[in-house]
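Novice: Got a predicted structure here, sequence first:
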Amino acid sequence: MIVDTTLARINDGVQLHHHQGQRQAARDLFARIWDEIGGERGDPLHVCVLAHSMADVQDDVQQELIWDQRALAAADLLTDDRVAQAGVPMSVSGLYPSLHLNLAECYRKLGDLGRARECLQRAEAGISALGDDEYAQLIKSGLDRLKQQLTAE
């Protein structure tokens with residue numbers, strides 16, 4: 001169970017976006033939290049999760065890519081102890097498939113298919129870090145869909 005209040009607030013924004021269709025409200029909430037945590041100087045866990053979520057509410061693919069890159073850079077600073085302390089039910093290695101999938105999708109949208117394929121390979125290489133739960137199935141289906149798109153292009 002997530003016990004970190006900042007992560008809980010980020011989750012509120014995710015709910016606004018994914019379950020209530022309030023993209024702009026989510027983006028506004030994420031921007032406030034970003035300022036409160038000190039931006040990229042904040043706790044790497046908060047930066048990672050917030051940037052990953054903020055990328056999803058961007059209208060411009062270049063901005064989405066920037067946020068996804070921030071999330072990946074912050075993940076590189078994380079430890080399993082910090083993730084566990086926040087109550088996140090996965091290891092740091094479990095974050096990477098989704099982070100690389102999102103980067104791959106950005107590069108595909110931007111027409112950089114070489115980079116998209118590289119990120120897809122990184123995501124696939126880390127998939128064993130995920131279990132077999134609903135989240136893992138979501139990431140795996142996203143990888144399969146992107147792989148098909150890249151094969152067709």
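Specialist: In hand now; what should we look at?
Novice: Now do the same contact list for the closest residue to Lys109 other than its chain neighbours.
Specialist: Among residues not flanking Lys109 along the chain, Val61 sits closest, at 4.7 Å (C-beta to C-beta, 6 or more residues apart in numbering). The way it works is simple: take the backbone N, C-alpha and C, and place the C-beta from them, glycine included. Counting by C-beta atoms under 8 Å, 6 or more residues apart in numbering, Val61 touches Cys106, Lys109, Leu110.
Novice: Likewise for Gln58?
Specialist: Here Gln58 is in contact with Arg27, Glu64, Trp67 (C-beta under 8 Å, 6+ apart).
Novice: Give me the local confidence score for it.
Specialist: With respect to pLDDT, Gln58 scores 97.
Novice: hey, which helix is longest across the protein?
Specialist: helix 134-152 (DSSP state H).
Novice: What separation do you get for the residue nearest the centre of the chain and Glu153?
Specialist: By C-alpha atoms, centre = their mean, the chain has its centre lying nearest to His52, at 3.3 Å. Separation of His52 from Glu153 (C-beta to C-beta, to the nearest Å): 25 Å.
Novice: Name the spans of this structure whose pLDDT lies under the cut-off.
Specialist: 1 (pLDDT under 70).
Novice: where's the closest residue to Gln149 other than its chain neighbours relative to Asp68, distance?
Specialist: Using C-beta to C-beta, 6+ apart and skipping the chain neighbours, the partner closest in space to Gln149 is Arg108 (6.4 Å). Distance check for Arg108 against Asp68: by C-beta to C-beta, it reads 12 Å.
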